[in-house]
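Engineer: Got a sequence here, can you build the structure:
(chains A and B)
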Amino acid sequence: MSKRFHVVSRLAVRNLRRNLRRSVLTSLAMIIGGTLLMMSLPLGDGTHEAWIESAVRMGGGHVTIQSPEFRSSRKIDDRLPADVRVASRTALSRAGIAERVLIATPQLTLGGLASSAAGARPAQIVGVDPASEARFTILDEKVTEGRYLEPEDRLAAYVGAGLVESLELKVGSRFVVTTQDAEGEIAGQLLRVVGVFRSGVPEIDESLIHIPLETAGEWLHSGDDVTNIAILVRQSGQVEGLRRDLGRELAGPIEVGAATVMGWREAMPALDAAVRIDDFGNYLFQGILFTIIGLGIVNTVLMSVLHRYREFGVLQALGLTPSQTGTLVLIEGLILTALSGVVGIALGLFITFYFWGDGLDISGMWDEEWSFSGVVMEPVIVPYFRVARVIQALAFMFAIGVLASLYPAYRATRIDVAEAMKFER
Amino acid sequence: MKGKRITFAVGVATGVVWVSLLAYGQETPHDIVDKVDRILRGASSHGTATMEVVTEHWNRSITMEVWSLGTEYSLVRVTQPAKEAGTATLKAEKDIWNYLPKVDRTIKVPASMMSGAWMGSHFTNDDLVKESRLVEDFDIETSFEGERDGAEVWEFTLIPKPEAAVVWGSIEYRVRKGDYMPLWARYYDEDHVLARTMEFSEFRVMGGRKVPAVMHMQPADKPGERTTMLYDDLEFDIDLEQSFFSLQTLKRRR
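Structural biologist: Prediction:
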């Protein structure tokens, strides 16, 4: 059997070589498909990475530890109990977890009101540790005036440009933030603007204020309590694993409902949906593309089978069984798609990373910056390489190759030998 | 010998205090502002008032009934127009609730709404809640003392204490000397740009006290807009229990 198979394989290779032009033409469709696939997948992934990166670094991190009620209440009453905070710190420094964590920073996130002599606006106030937050957030790079918070700051605030405009503030001006403190009383706190940022996301620019955690603690009588611990992972693929492992480490507090560990997908469902929808759109597009490519391949392979009607007749007359004839056609298809798949993927990766490795500037395609669900669209897409995508693409193209060869192979098994050999050409 | 010296020192110190009290007419600016604040509210009060709000886009006039007990408790219920009658605001200690009769709902005003406009006026919820903390939050200095517009007045400059949670850069406050009536308060930002002006007028005796019957709030950046609060009648030191300021009273319709 294996010997026969060997013979059939050799036959297949020879057939392909014999009809080089036909082989090249067939594989060309596949190569172009593979190239396009390997251009669009890393760019799509790169876009999503940028979305996620910017969203998590302006908010609660890839993974966040917080009390289960906090997510909906956003109230200081639902802050993390001190023992959970200690447990989290231990868990985060544990071997096996610490290596995956890029940085973990405490945050005290609250809804409140910011008012100045010019008016009042609702605000999202985040008490942060200036030193670790500066490494965590990307907002410090978006500074337009002044500077980010520094460790010695006390009555300082880093404020979104939209909020600064509507409250008619500037660097150095005073304003007051008001919210409910840890004892349930309304408490006001005087702050001075030390820096202004513009992230490009209207919701953030119009409401976000960073203040030193120490100031927040004094103001709200909450000591050094925090509402959440925001964690950045080294590679975005590690989010799920880290979430699971942290969940196991903090099983005690989670059990009694004192804490939850949330990935960004849970914490930012809108962004998750956006990524999924975009992925779905890409898959749909690729599905259509490869259906067309597949039909093209079916056509050429079927033609090659019908063209070799007599040839196959002769082979079968010489002792090749119908199923071996079918296998021959299948193997031809597989070799062709495997080769052209590899070539296409290599070509796609080459184009993507050689020409656009540092980022593809698509800013010419739109006039203004636009944003959605807490994410700014970056005008430069940096492609993102994932081995899984290469394997996925190979498997996908292989499957198309097999599917496209199935019908022609079936036709090859149905050859009537006598009929095939009846006519001279 | 030693004991004598101490006695002498105490004597000198007492003398200095007396002299300084005399120099200030026995009242510091701090005392005067505090006194004016207290005139405007009794231990308890009850009255009716009309609030007229003029904005760029609409005008409205609301008549309401007002109760207060100390600085901690107050209740305001709208009586006119009929469409909004029954709408009420209760302030108990540091919390504010609103009651909307149309939907029969009581809403606790969250912290984030505290500086929102109260019933569309130029007063904020916060203006209602804060017992005047002028004397607590500000350092007060006399900037002028003498005759202005035919009346003996004081003018005070109020500068917020270094860490007081106050949005204003400074407040100027004019008070009439004879009867401690406030005339106006001007609120400035830190660059000394006027933000809003509160004017008092129609000084009348109501409920046995002389009070300004009209308060006029004028935001500086919107010259066409204003809110005027007119007290139709007021009585002070009436019989009111703390238990009156409850959610039940809030919901009671007329």
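Engineer: where along chain B do the strands fall?
Structural biologist: B:44-54, B:59-69, B:73-80, B:88-92, B:95-100, B:105-108, B:138-148, B:151-160, B:170-176, B:182-188, B:194-206, B:209-219, B:226-236 (DSSP state E).
Engineer: Give me the buried positions along the last one.
Structural biologist: Of the residues in strand B:226-236, those buried by neighbour count under the rule 16 or more other Cβ atoms under 10 Å in any protein chain shown are B:226, B:227, B:228, B:229, B:230, B:231, B:234, B:236. C-beta coordinates here come from the backbone N, C-alpha and C atoms, glycine included.
Engineer: What count of nearby residues applies to residue B:237?
Structural biologist: Residue neighbour count, defined by other Cβ atoms under 10 Å in any protein chain shown, stands at 13 for residue B:237.
Engineer: What of residue B:172?
Structural biologist: Close neighbours of residue B:172, defined as other Cβ under 10 Å, add up to 18.
Engineer: Kindly report the same for the one 4 residues further on.
Structural biologist: Look at residue B:176: counted by other Cβ under 10 Å, it has 19 neighbours.
Engineer: cool, and residue A:392?
Structural biologist: Neighbour tally, residue A:392, other Cβ under 10 Å: 13.
Engineer: ok, back up a step: show me the one of the strands of chain B that comes nearest residue A:31.
Structural biologist: Closest to residue A:31 of these is strand B:105-108 (Cβ to Cβ; 65.6 Å).
Engineer: So which of the strands of chain B is nearest residue A:326?
Structural biologist: strand B:105-108 (75.0 Å).
Engineer: Tell me what residue 229 is bridged to.
Structural biologist: Because you didn't say which chain, this covers chain A. residue A:106 (DSSP bridges).
Engineer: oops, I was thinking of chain B
Structural biologist: With DSSP bridges as the rule, residue B:229 is bridged to residue B:51, residue B:215.
Engineer: Go ahead and confirm it touches residue B:211.
Structural biologist: No. At 11.8 Å, residue B:229 does not count as touching residue B:211 under the criterion of Cβ atoms under 8 Å.
Engineer: Please, which helix or strand holds residue A:232?
Structural biologist: strand A:228-233 (DSSP states H and E).
Engineer: average pLDDT for that strand?
Structural biologist: Average pLDDT, strand A:228-233: 88.
Engineer: Find out how far that strand is from the centre of the chain, if you would.
Structural biologist: Centroid separation between strand A:228-233 and its chain, computed with Cα atoms, centre = their mean, to the nearest Å, is 18 Å.
Engineer: other SSEs contacting it?
Structural biologist: helix A:20-58, strand A:63-66, helix A:82-93, strand A:101-116, helix A:239-249 (3 or more Cβ pairs under 8 Å, 6 or more residues apart in numbering or on different chains; DSSP states H and E).
Engineer: which of these sits most buried?
Structural biologist: Stretch with highest mean neighbour count among the helices and strands packed on strand A:228-233: strand A:63-66 (a mean of 28; mean count of other Cβ atoms under 10 Å in any protein chain shown).
Engineer: now the helix or strand just after that strand, how far from the chain's geometric center?
Structural biologist: Using DSSP H and E, the helix or strand that follows strand A:63-66 towards the C-terminus is helix A:70-73. Here the centre of helix A:70-73 is set off from its chain's centre by 26 Å, with Cα atoms, centre = their mean.
Engineer: For residue A:143, find the nearest of the helices and strands packed on strand A:228-233.
Structural biologist: By Cβ to Cβ (comparing all of the helices and strands packed on strand A:228-233), the closest turns out to be helix A:20-58, at 13.4 Å.
Engineer: now the angle from the closest one to strand A:228-233?
Structural biologist: If you take axes from the mean of the first three to the mean of the last three Cα atoms, to 10 degrees, helix A:20-58 sits at 150 degrees to strand A:228-233.
Engineer: returning to what we had before: with mean pLDDT and distance to residue A:337 as added columns, please give the helices and strands packed on strand A:228-233 in CSV.
Structural biologist: Supplementary listing: the helices and strands packed on strand A:228-233 in CSV, determined by pLDDT from 0 to 100; distance: least, Cβ to Cβ, whole Å:
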stretch, mean pLDDT, distance to residue A:337
helix A:20-58, 85, 6
strand A:63-66, 87, 40
helix A:82-93, 83, 47
strand A:101-116, 87, 40
helix A:239-249, 86, 32
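Engineer: for stretch A:132-146, which positions count as buried?
Structural biologist: For stretch A:132-146, the neighbour count (16+ other Cβ under 10 Å) marks A:132, A:133, A:134, A:136, A:137, A:139, A:140, A:142, A:143, A:146 as buried.
Engineer: repeat for stretch B:196-210
Structural biologist: Of the residues in stretch B:196-210, B:196, B:197, B:198, B:199, B:200, B:203, B:206, B:207, B:209 count as buried by neighbour count, 16+ other Cβ under 10 Å.
Engineer: nearest spatial neighbour of residue 67, skipping sequence neighbours?
Structural biologist: Answering for chain A, as no chain was given. Once flanking residues are discounted, residue A:67 sits nearest to residue A:78: 4.6 Å by Cβ to Cβ, 6 or more residues apart in numbering or on different chains.
Engineer: that's the wrong chain, I wanted chain B
Structural biologist: Distances taken as Cβ to Cβ, 6+ apart place residue B:75 nearest to residue B:67, at 4.7 Å, with adjacent residues excluded.
Engineer: Look up which residues are beta-bridged to the one you found.
Structural biologist: As for beta bridges, residue B:75 partners with residue B:67, residue B:90 under DSSP bridges.
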